[in-house]
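In: Quick one, structure for this:
(2 chains)
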Amino acid sequence: MSSIETPRPIRGTQDIFGADAEAFAHVVETFERVRKLYRFRRIEMPVFEKTEVFSRSLGETTDVVSKEMYSFEDRGGESLTLRPEFTAGIARAYLTDGWQQYAPLKVATHGPLFRYERPQKGRYRQFHQLDAEIIGAAEPQADVELLAMADQLLKELGIADGVTLQLNTLGDGDSREGWRAALVSYFRAHRHQLSEDSQDRLERNPLRILDSKDPRDKPFVADAPEIDDYLSGEAQDYFGKVCEGLQAAGVAWTRAPALVRGLDYYRHTAFEFVTDRLGAQGTVLGGGRYDGLIETLGGAHTPAVGWAAGIERLAMLVGGASEDVADCIVVVEEDALMQEGIRSVGLLRNGGLSAELLSSGSPRKRFDKAVKQQPRAILALSSQEGEVSSRFHGSDDDEGLIRAILSGNA
RNA sequence: GCGAUUGUAGCUCAGUUGGUUAGAGCGCCGGUUUGUGGUACCGGAGGUCGGGGGUUCGAGACCCCUCAAUCGCCCCA
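Out: You can find the predicted model right below:
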């Protein structure tokens, strides 16, 4: 026995295996397929950026910057951050790589993201998202297109039934500020009846009081001012066109007047696809229009809209994706036939069949091990009077195919 | 950062009011049985009972600390 202590995995990371890994892959493969249907172009992005890429855009929510990001200094003393989201990095690339020339640009990507949070159901420190963005498109049709793709993705994953699209508008900049001011003065008037958390939020991030989980806040939230009363004519018109477009696209949704975004750069459309099947982490896909973001990175005013979806959460909803059984397991029942076994699986794999060689452990138990795996077919190699003899277990069709491949007649 | 719950074999879990040498099933390894066959039986490996301290004649069990996991709060780009 070794006295070396095994290193533990890092909190909030996950090692995904077997059926879970198959479900994960299924989500990604479905996304790739659907994204091509909607003609979103594939991009690959770095997993880390200069810290300012993320910190500049985050606005007033200092918690996020100081506590939730994985930041570190490189050898030159530069502060770098593991990406906590895709959008800011993509916006940076849009500016630094000259992608303006492709505007309006539809892009999609997926991969790991990092947030320094306490792990719980459906929340990890390294997690994985699908992401889709349309940059340089100011028209409501862009929002519709993006939502239609999200809707089709969930349908093709077979989880649309348990998931509803909640839709809201935050209006343009002026509408948003008017609403916000009204909310602040409304909640201030009831300040001492609010929960401690919400009294705190009143100073830091008042919009967030709207989705407080504390029962003490609920009655006040119910009577709070609604965005609709503060929308400019243009903002109203914009949201109307998004709703009409969704109707035309056949996307079902419900209005969620209290749905907000935590960050300042969001304008107009905000949305979340939500389920009640994942405990406290019900949002499965979320996004909105972020017309203000690219300016915070030093670019020209550039309208854009996007969403991201948690792959783990989608995979949990998809559930029971099973690993494929082998097309054929080759059982070497005598060690003397090892080379024949190796040759056989090689031929089968070259012939396009998934094949596994079973040649270890007690020879007389190998066949039973193969049976337990429930493959489509089993080929058992043994010898009879010095000749290699193979016994087949499976359908007649498979036997014909497999014997043809092994004899070079496929 | 805060709270609740849980830590016993590779996995799922038993383990009585504190009492000899800590168990089962599955999995793994080996043997026997069967021999177109997911059988049955026998045996084996594998545990400092998450870690540290304390109470006690005696702790897997009780107390304290610590670490980890799970779920929730905060936050949510």
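In: and the residue in the stretch 251-400 of chain A that RNA strand B sits nearest to, what does it touch?
Out: Distances between the stretch 251-400 of chain A and RNA strand B by Cβ to the nearest atom of the strand are smallest at A:G279, namely 2.3 Å. No exception for glycine: its C-beta is placed from N, CA and C like everyone else's. A:G279 makes contact with A:Q120, A:K121, A:G122, according to Cβ atoms under 8 Å, 6 or more residues apart in numbering.
In: Same question for A:L146.
Out: A:L146 neighbours (Cβ under 8 Å, 6+ apart): A:A132, A:I134, A:G287, A:V305, A:G306, A:W307.
In: Which of those ranks first by neighbour count?
Out: A:V305 (29 neighbours; other Cβ atoms under 10 Å).
In: which bits of the stretch 51-200 of chain A sit near RNA strand B?
Out: Along the stretch 51-200 of chain A, the residues adjacent to RNA strand B under the rule Cβ under 7 Å from any atom of the strand are A:54, A:58, A:61, A:63-64, A:68-69, A:84-85, A:87, A:115, A:117-123, A:197, A:200.
In: got the phi/psi numbers for the residue nearest to A:P140 when sequence neighbours are not counted?
Out: Spatial nearest neighbour of A:P140, excluding adjacent residues (Cβ to Cβ, 6 or more residues apart in numbering): A:K241 at 3.9 Å. Main-chain dihedrals, A:K241, degrees, to the nearest 10: phi -70, psi -40.
In: separation between A:K241 and A:G171?
Out: As judged by Cβ to Cβ, to the nearest Å, A:K241 and A:G171 stand 14 Å apart.
In: more crowded one of the two?
Out: Neighbour count, other Cβ under 10 Å: between A:K241 and A:G171, A:G171 has more, with 24 against 15.
In: residues touching the residue nearest to that one when sequence neighbours are not counted, list them.
Out: Closest residue to A:G171 apart from its sequence neighbours, by Cβ to Cβ, 6+ apart: A:A235 at 4.0 Å. The contact partners of A:A235, taken as Cβ under 8 Å, 6+ apart, are A:T169, A:G171, A:D172, A:S175, A:H268.
In: Let me see the confidence value for A:A235.
Out: As predicted, A:A235 sits at a pLDDT of 96.
In: Same check on the one 5 residues further on?
Out: Residue-level confidence at A:G240 comes out at 97, pLDDT.
In: Which residues outside stretch A:35-49 are in contact with it?
Out: A:32, A:80-83, A:86, A:88-90, A:92-93, A:105-109, A:111-112, A:114, A:132, A:145, A:148-149, A:152.
In: rewinding a little: restricted to strands, list the contacts of A:G279.
Out: The subset of those located in strands under the criterion DSSP state E is empty.
In: so can I have a markdown table of the residues you listed showing neighbour count, distance to A:R11 and pLDDT?
Out: Converted to a markdown table, these look like this (neighbours: other Cβ atoms under 10 Å; distance: Cβ to Cβ, whole Å; pLDDT from 0 to 100):
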| residue | neighbour count | distance to A:R11 | pLDDT |
| --- | --- | --- | --- |
| A:Q120 | 11 | 12 | 94 |
| A:K121 | 12 | 15 | 94 |
| A:G122 | 19 | 16 | 93 |
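In: can you give me the strands for the stretch 301-410 of chain A?
Out: Secondary structure of the stretch 301-410 of chain A (DSSP state E, counting those that start in this stretch): strands at A:304-310, A:328-332, A:355-358, A:377-384, A:387-393.
In: Helices along chain A, start to end?
Out: Using DSSP state H, the helices of chain A run over residues A:18-37, A:51-55, A:62-68, A:87-96, A:140-156, A:173-189, A:196-204, A:218-222, A:233-249, A:293-296, A:311-318, A:338-350, A:363-372, A:396-406.
In: In CSV, could you pull the C-alpha coordinates for the first one?
Out: What follows is helix A:18-37, C-alpha atoms only, in CSV (Å, rounded to 0.1, in the frame of the first residue of the first chain):
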residue,chain,number,x,y,z
GLY,A,18,-21.2,6.6,-18.9
ALA,A,19,-24.9,7.4,-19.5
ASP,A,20,-24.4,11.0,-18.2
ALA,A,21,-21.6,11.5,-20.6
GLU,A,22,-23.8,10.1,-23.4
ALA,A,23,-26.6,12.5,-22.5
PHE,A,24,-24.1,15.4,-22.5
ALA,A,25,-22.8,14.4,-25.9
HIS,A,26,-26.4,14.1,-27.2
VAL,A,27,-27.2,17.6,-26.1
VAL,A,28,-24.1,19.0,-27.9
GLU,A,29,-24.8,17.0,-31.0
THR,A,30,-28.4,18.1,-31.2
PHE,A,31,-27.3,21.7,-30.7
GLU,A,32,-24.7,21.4,-33.5
ARG,A,33,-27.4,20.0,-35.9
VAL,A,34,-30.0,22.7,-35.1
ARG,A,35,-27.5,25.5,-35.2
LYS,A,36,-26.7,24.6,-38.8
LEU,A,37,-30.3,24.5,-39.7
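In: roughly how far is it from the heart of the chain?
Out: Between the centre of helix A:18-37 and the centre of its chain there are 10 Å (Cα atoms, centre = their mean, to the nearest Å).
In: Which residues belonging to that helix are considered buried?
Out: Buried positions in helix A:18-37, judged by neighbour count with 16 or more other Cβ atoms under 10 Å: A:D20, A:E22, A:A23, A:F24, A:H26, A:V27, A:V28, A:T30, A:F31, A:V34, A:R35.
In: pLDDT and distance to RNA strand B for the residues you listed - can I get that in JSON lines?
Out: Converted to JSON lines, the buried residues of helix A:18-37 look like this (pLDDT from 0 to 100; distance: Cβ to the nearest atom of the strand, whole Å):
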{"residue": "A:D20", "pLDDT": "90", "distance to RNA strand B": "12"}
{"residue": "A:E22", "pLDDT": "92", "distance to RNA strand B": "18"}
{"residue": "A:A23", "pLDDT": "94", "distance to RNA strand B": "15"}
{"residue": "A:F24", "pLDDT": "95", "distance to RNA strand B": "16"}
{"residue": "A:H26", "pLDDT": "96", "distance to RNA strand B": "20"}
{"residue": "A:V27", "pLDDT": "97", "distance to RNA strand B": "18"}
{"residue": "A:V28", "pLDDT": "98", "distance to RNA strand B": "19"}
{"residue": "A:T30", "pLDDT": "98", "distance to RNA strand B": "22"}
{"residue": "A:F31", "pLDDT": "98", "distance to RNA strand B": "18"}
{"residue": "A:V34", "pLDDT": "98", "distance to RNA strand B": "21"}
{"residue": "A:R35", "pLDDT": "98", "distance to RNA strand B": "19"}
